[in-house]
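A.B. asks: Predicted model, plus sequence, below.
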There are 2 protein chains.
Amino acid sequence: MNSHLYVISPSGAVRDKAAFKRGVRYLEGLGLQVEVDSGVLSSHFRFAGDDTSRLAALDRAIASGSDWVMLSRGGYGLTRLLHQIPYKRMAKAVSKGTQFMGFSDFTSVQMALLAQTGAGTWAGPSVVEGFGSVDGPDDVLESCFIDVLNHRFEGTGWRQPQEKLPSGMRHEQFHAKRLGMEAAFHLKDGLVWGGNLSVLCSLVGTPYFPQVVSGFLFLEDVGEHPYRVERLLTQLLHAGVLTKQKAIVLGQFSDYRLTPHDRGFDLKTVTNWLRSQLKIPVIAGLPFGHVRRKVLLPVGRHADLVVQGREVLLLWGDEVD
Amino acid sequence: MNSHLYVISPSGAVRDKAAFKRGVRYLEGLGLQVEVDSGVLSSHFRFAGDDTSRLAALDRAIASGSDWVMLSRGGYGLTRLLHQIPYKRMAKAVSKGTQFMGFSDFTSVQMALLAQTGAGTWAGPSVVEGFGSVDGPDDVLESCFIDVLNHRFEGTGWRQPQEKLPSGMRHEQFHAKRLGMEAAFHLKDGLVWGGNLSVLCSLVGTPYFPQVVSGFLFLEDVGEHPYRVERLLTQLLHAGVLTKQKAIVLGQFSDYRLTPHDRGFDLKTVTNWLRSQLKIPVIAGLPFGHVRRKVLLPVGRHADLVVQGREVLLLWGDEVD
């Protein structure tokens, strides 16, 4: 696996340089030829360099001819650059074999690239967040990542959390199917897209929001109270985005704090509400988000979604469509 | 001023009932005939009743024939009802003389009503937040509110915060005008619209976002870090909303916390960035938001904006257009 991986910082400044170095060493230990962009440790306010510098770093990554482009870390900084990113050149690099990987703030570029060109990317870890820990990466993340590097990552599976069906339902089988639980179905050929819910919603109504129909929309978020998650989902609902999909796939919503005022209103309330609003399955438990244990996902690729009770498989094969 | 004011709770549950009672007593003390809706103290999770009950409360307010409809408090709960609100009946009530007032979560209904019917409302206080304090209301808020009740509130003025022009500018006069400072101009006949930035942005791409051109767009928010404010403004920018306005009027952005990672990135950075992206004036310092001292604003009405250096006047007259 002597492939070439180029690392840039297009979002937040890297403050934990030790973690960054550990991450790079880990990646080198996998046999990757890691090239660290010259601006990777720059700092300008909270950003990894000013707008011009961060755009130039992205340009260098696009021109690098590398097999992989990975981010040092996420943060905030890409949405304000979306009107200046050379999507056509980026898509050309993708078609020549450069695969971009990231999540969180990078969702904005992944969605914009998909909207503007249809080119795919990987929803996956950054250097610091995925590989910078003293303990090394999570083993699930590690094995998915190595499979991706070796072009043999053809799908992923997980188990939905156990949930009670709401009581008092008459057509239990029907509702079970709507809930995507205790039912078996196979949805074919959906486009995998999504990422961070807040970032995704910040693109609605702009030219950087992909007009995907028949997709598998996956969503995650961090530090957002369930009522805010619900408000964001409501935007996608009222904008007509959700009903056009084949399934909604909920990842991990982490690091929020409930209050006494909630009186039991929580993420499960939101999930149940979402299911009551939609006739398509809302699948839960996808191991993806701002958590250590997560899989990688091929944004912009077609896949099959197989559900058997609580067990879920998302299968895309390894070939580019 | 023996007019009839109807109070409903369409958003969050009222927890501080003492404050609510103080607010009602204050309003009665002004000579208003205050009618408190039967559901005003209901509680269902974090909401003031379930969706059906809150919609029914709004229905009763619309049918009340009252002069004013005011909310007990804000919170969260209206965006998820937007597809079920009877906008035509609400607009008819407005045309017959019922004036709705609110802000924060109510921004969603104000914008949706404007988008669906063109009817206007008042951006103004709720019972608890505006009048429930032990010390009574802020005096500026009080005098504006009484003027509104007496149909003699014809405009408002404020002073922009002192700011240094960015250094190294060649065409100081031009930039001064862009900054809306140290310059004199008079913008005529702009539509006043806006409210809470997060709520407003949660409507982009939906049928509830008004397609306003040549407007004066006012914005405020609470508990949002400046980078999140910037991300929201970026959405409006990339969606083409901002450039279509005559001016952007920034209210109060309160209760957020900067971190060491920001390295000086703050609201002023965001304001300067916004001004660099736009050719229209970005006026700051509007006394409106989640703060005690604030004015009321006529959403959906035409107004003139007069700027003389740091002094700003927004003038709409008292007649409905």
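C.D. replies: Okay, I see it.
A.B. asks: Lowest mean pLDDT among the helices and strands of chain A, which one is it?
C.D. replies: None of the helices or strands of chain A scores lower by mean pLDDT, DSSP states H and E than helix A:172-179, at a mean of 54.
A.B. asks: can you count the residues close to A:Tyr256?
C.D. replies: 16 (other C-beta atoms under 10 Å in any protein chain shown). C-beta here means a position set from N, CA and C on the backbone, and glycine is covered the same way.
A.B. asks: Nearest spatial neighbour of it, chain-adjacent residues omitted?
C.D. replies: A:His225 (5.0 Å; C-beta to C-beta, 6 or more residues apart in numbering or on different chains).
A.B. asks: Quick one, grab the pLDDT at that neighbour.
C.D. replies: On pLDDT, A:His225 comes in at 98.
A.B. asks: Check the one 4 residues further on too.
C.D. replies: Per-residue confidence (pLDDT) for A:Val229: 98.
A.B. asks: tell me the contacts of A:Gln162?
C.D. replies: Contacts for A:Gln162 (C-beta atoms under 8 Å, 6 or more residues apart in numbering or on different chains) come out as A:Arg310.
A.B. asks: Surely it is within a helix?
C.D. replies: No - using DSSP: H, G, I helix; E, B strand; the rest coil, the assignment for A:Gln162 is coil, not a helix.
A.B. asks: how near is it to A:Asp262?
C.D. replies: Distance, A:Gln162 to A:Asp262, by C-beta to C-beta, to the nearest Å: 22 Å.
A.B. asks: quick one: strands adjacent to whichever strand in chain A runs longest?
C.D. replies: For chain A, the longest strand by residue count, based on DSSP state E, is strand A:184-196. The strands beside strand A:184-196 in its sheet (DSSP bridges) come out as strand A:215-222 (parallel), strand A:302-308 (antiparallel).
A.B. asks: What's the mean pLDDT across the first one?
C.D. replies: If I follow you right, that is strand A:215-222. 98.
A.B. asks: cool, and the shortest one?
C.D. replies: Here the mean pLDDT over strand A:302-308 is 96, rounded to a whole number.
A.B. asks: Report the buried residues of that strand.
C.D. replies: A:His302, A:Ala303, A:Asp304, A:Leu305, A:Val306, A:Val307 (16 or more other C-beta atoms under 10 Å in any protein chain shown).
A.B. asks: Who are the contact partners of the closest residue to A:Ser43 other than its chain neighbours?
C.D. replies: Closest residue in space to A:Ser43, ignoring its immediate chain neighbours: A:Ala13 at 4.0 Å, by C-beta to C-beta, 6+ apart. By C-beta under 8 Å, 6+ apart, the residues touching A:Ala13 are A:Leu41, A:Ser42, A:Ser43, A:His44, A:Arg46, A:Phe47, A:Ala48, A:Gly49, A:Gly75, B:His261, B:Arg263.
A.B. asks: wait, isn't the second one in contact with A:Asp51?
C.D. replies: No - applying C-beta atoms under 8 Å as the test, A:Ser42 and A:Asp51 come out as separate, 11.8 Å apart.
A.B. asks: which residues in chain A form strands?
C.D. replies: In chain A, the strands defined using DSSP E lie at A:4-8, A:33-36, A:68-71, A:99-102, A:121-123, A:155-159, A:184-196, A:215-222, A:247-254, A:282-283, A:297-299, A:302-308, A:311-315.
A.B. asks: Turn the ones you listed into a markdown table, including distance to A:Asp147.
C.D. replies: Output for the strands of chain A, formatted as a markdown table (distance: least, C-beta to C-beta, whole Å):
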| stretch | distance to A:Asp147 |
| --- | --- |
| strand A:4-8 | 15 |
| strand A:33-36 | 19 |
| strand A:68-71 | 14 |
| strand A:99-102 | 13 |
| strand A:121-123 | 12 |
| strand A:155-159 | 9 |
| strand A:184-196 | 16 |
| strand A:215-222 | 18 |
| strand A:247-254 | 19 |
| strand A:282-283 | 22 |
| strand A:297-299 | 12 |
| strand A:302-308 | 15 |
| strand A:311-315 | 13 |
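A.B. asks: Quick check: bridge partners of the residue positioned nearest the centre of chain A?
C.D. replies: Chain A has A:Gly195 as the residue nearest its centroid, 3.4 Å off, counting by C-alpha atoms, centre = their mean. Assessed by DSSP bridges, A:Gly195 has beta-bridge partners A:Leu219.
A.B. asks: Let me see the contact set for it.
C.D. replies: Counting by C-beta under 8 Å, 6+ apart, A:Gly195 makes contact with A:Phe103, A:Ser104, A:Phe106, A:Thr107, A:Gln110, A:Met111, A:Ala123, A:Phe218, A:Leu219, A:Glu220, A:Val299.
A.B. asks: repeat that with 7 Å
C.D. replies: Listed by C-beta atoms under 7 Å, 6 or more residues apart in numbering or on different chains, the contact set of A:Gly195 reads A:Phe103, A:Thr107, A:Gln110, A:Met111, A:Ala123.
A.B. asks: any chance of those in CSV, with distance to A:Ala19, pLDDT and neighbour count too?
C.D. replies: Output for these, formatted as CSV (distance: C-beta to C-beta, whole Å; pLDDT from 0 to 100; neighbours: other C-beta atoms under 10 Å in any protein chain shown):
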residue, distance to A:Ala19, pLDDT, neighbour count
A:Phe103, 17, 98, 29
A:Thr107, 22, 98, 28
A:Gln110, 23, 98, 28
A:Met111, 27, 98, 27
A:Ala123, 21, 98, 27
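A.B. asks: Tell me the residues on the stretch 151-300 of chain A that lie near chain B, please.
C.D. replies: Residues of the stretch 151-300 of chain A found near chain B (C-beta under 7 Å from any C-beta of the partner chain) are A:202, A:204-206, A:208, A:227, A:230-232, A:234-235, A:238-239, A:261-265, A:269.
A.B. asks: Now a PyMOL select for only the buried ones of the residues you listed.
C.D. replies: Buried subset of these, written as a PyMOL selection, criterion 16+ other C-beta under 10 Å:
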select buried, chain A and resi 202+204+205+206+208+227+230+231+232+234+235+238+239+265+269
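A.B. asks: ok, the residue nearest to the centre of chain A to chain B distance?
C.D. replies: Taking C-beta to the nearest C-beta, to the nearest Å as the criterion, A:Gly195 is separated from chain B by 14 Å.
A.B. asks: now check stretch A:61-79, is it near chain B?
C.D. replies: Yes - remark: stretch A:61-79 sits within contact range of chain B at A:Tyr76, A:Thr79, by C-beta under 7 Å from any C-beta.
A.B. asks: about what we covered before: could you tell me the average pLDDT over the longest strand of chain A, please?
C.D. replies: Averaged across strand A:184-196, pLDDT comes to 96.
A.B. asks: chain center to it, what's the gap?
C.D. replies: On the basis of C-alpha atoms, centre = their mean, to the nearest Å, strand A:184-196 is displaced by 13 Å from the centre of the chain it belongs to.
A.B. asks: Stretch A:301-315: how far from the chain's middle?
C.D. replies: The chain centroid and the centroid of stretch A:301-315 are separated by 17 Å under C-alpha atoms, centre = their mean.
A.B. asks: Now do the same contact list for the one residue in the stretch 1-150 of chain A that gets nearest to chain B.
C.D. replies: The stretch 1-150 of chain A approaches chain B most closely through A:Phe45 (3.8 Å), counting by C-beta to the nearest C-beta. Residues near A:Phe45 by C-beta under 7 Å, 6+ apart: B:Asp262, B:Arg263, B:Gly264, B:Phe265, B:Thr269.
A.B. asks: Could you export the residues you listed as JSON lines, including pLDDT?
C.D. replies: Below are the contacts of A:Phe45 laid out as JSON lines (pLDDT from 0 to 100):
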{"residue": "B:Asp262", "pLDDT": "96"}
{"residue": "B:Arg263", "pLDDT": "96"}
{"residue": "B:Gly264", "pLDDT": "95"}
{"residue": "B:Phe265", "pLDDT": "96"}
{"residue": "B:Thr269", "pLDDT": "96"}
